[in-house]
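[1] Sequence and predicted structure, then a few things I'm wondering about:
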Amino acid sequence: MQADTSVRETIISTATRLFLSQGYNQTGINQIIEEAGVAKASLYYHFPSKEDLGVAYLRTRSEKWRAGRDGYVNEGKDAREKLIRVFEYRCLWLEQSDYAGCSYTRILTELPQQGTKLNKQAVANKEEQRLYFQDLVGQLDFIPDGRKNDVANTVFLLFDGGTLQCQVYRNLQPMENARNAVMELLRCHTKA
C-alpha cells in the first residue's frame, strides 16, 4: 500500500508541475508517465483517465492552498485582519508558484465544457473560496446584513482579478492593489 501511495503522489506531483508549466491540454499522458518514471499500467491503476488525474490535481492543489491559507490567515486577530491576510498569503503563493495563477481558472479556460468531472471540480474549488470570503465577511459586525453578500462577492472578485493580473504581469502589484481596495472597501463600511 505504501508503494501505491508513493507512486500516486509521484504521478500527481509530476502532473502538477507539467500542468502548471505548460497547461493541461498541452500535457500528454505519455509525458507524465515518462517524467514520473512510472509504468503506464501504474498510472491507469490510480487514474483511469487523464480527466481523473486532472481532478486529483485540482483536489491536491486545493488541499495545499487551504492548509497554507488557513495556517497563515488564522494568525489574524479578527475577521477583518484575516481577510487582508488572505491577500498577503496569495502573494506568497504566487511567488512560490512562479506566478502560475489560479489552477482552477486555468483549467476552466482550457476546458470550458460544463458538466465534466474536471469542470465541476474546478468550479467547486472556486465556490469554496467564495464561501470562505462570505464566512469572513459575515463575521464583520460593521457591515449591514443586507450588504454582506455583495461585499463578500466584491472581495472574491478582487481576489480573483488580482490573481489573474499577477499571472499576466508576473509581479505582485495587482494583488497588492486588490488588497488595498479591500481595505478601502472595509474602511468605507466602518465609517458608514
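    Thanks, I have the structure now.
[2] Of all residues in this protein, which one is nearest the centre?
    Nearest to the geometric centre of the chain sits C102, at 5.0 Å (C-alpha atoms, centre = their mean).
[3] And it, how close does it get to Q165?
    Per C-beta to C-beta, to the nearest Å, C102 is found 11 Å from Q165. In short, each C-beta sits where N, CA and C put it, glycine included.
[4] and what of E127?
    From E127 over to Q165 (counting by C-beta to C-beta), the distance is 22 Å.
[5] which one of these two has more residues nearby?
    Taking neighbours as other C-beta atoms under 10 Å, E127 and Q165 compare with Q165 leading, 18 against 12.
[6] before we move on, which element is that one in?
    helix 145-169 (DSSP states H and E).
[7] What helices and strands are in contact with that helix?
    helix 79-96, helix 103-110, helix 117-138, helix 173-191 (3 or more C-beta pairs under 8 Å, 6 or more residues apart in numbering; DSSP states H and E).
[8] Could I get these in CSV, plus columns for mean pLDDT?
    Listed next are the helices and strands packed on helix 145-169 as CSV, based on pLDDT from 0 to 100:
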stretch, mean pLDDT
helix 79-96, 97
helix 103-110, 92
helix 117-138, 96
helix 173-191, 93
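[9] Quick one, which of these gets closest to L43.
    helix 117-138 (16.7 Å; C-beta to C-beta).
[10] And for R61, the neighbour number?
    Around R61 there are 21 other residues, counting by other C-beta under 10 Å.
[11] oh, I was asking about V137
    V137, neighbours per other C-beta under 10 Å, totals 25.
[12] cool, and G68?
    By other C-beta under 10 Å, 14 other residues sit near G68.
[13] before we move on, which element is it in?
    With DSSP H and E as the test, G68 turns up in helix 50-73.
[14] For that helix, list every residue counted as buried.
    Residues of helix 50-73 classed as buried under the neighbour-count rule (16 or more other C-beta atoms under 10 Å) are 50-51, 53-58, 60-62, 65, 69, 72-73.
[15] circling back: mind listing what the residue nearest to the centre of the chain touches?
    160, 163-164, 167 (C-beta atoms under 8 Å, 6 or more residues apart in numbering).
[16] Of those, which pair is most distant in space?
    By the measure C-beta to C-beta, these have their two most distant members at D160 and Q167, which lie 11.0 Å apart.
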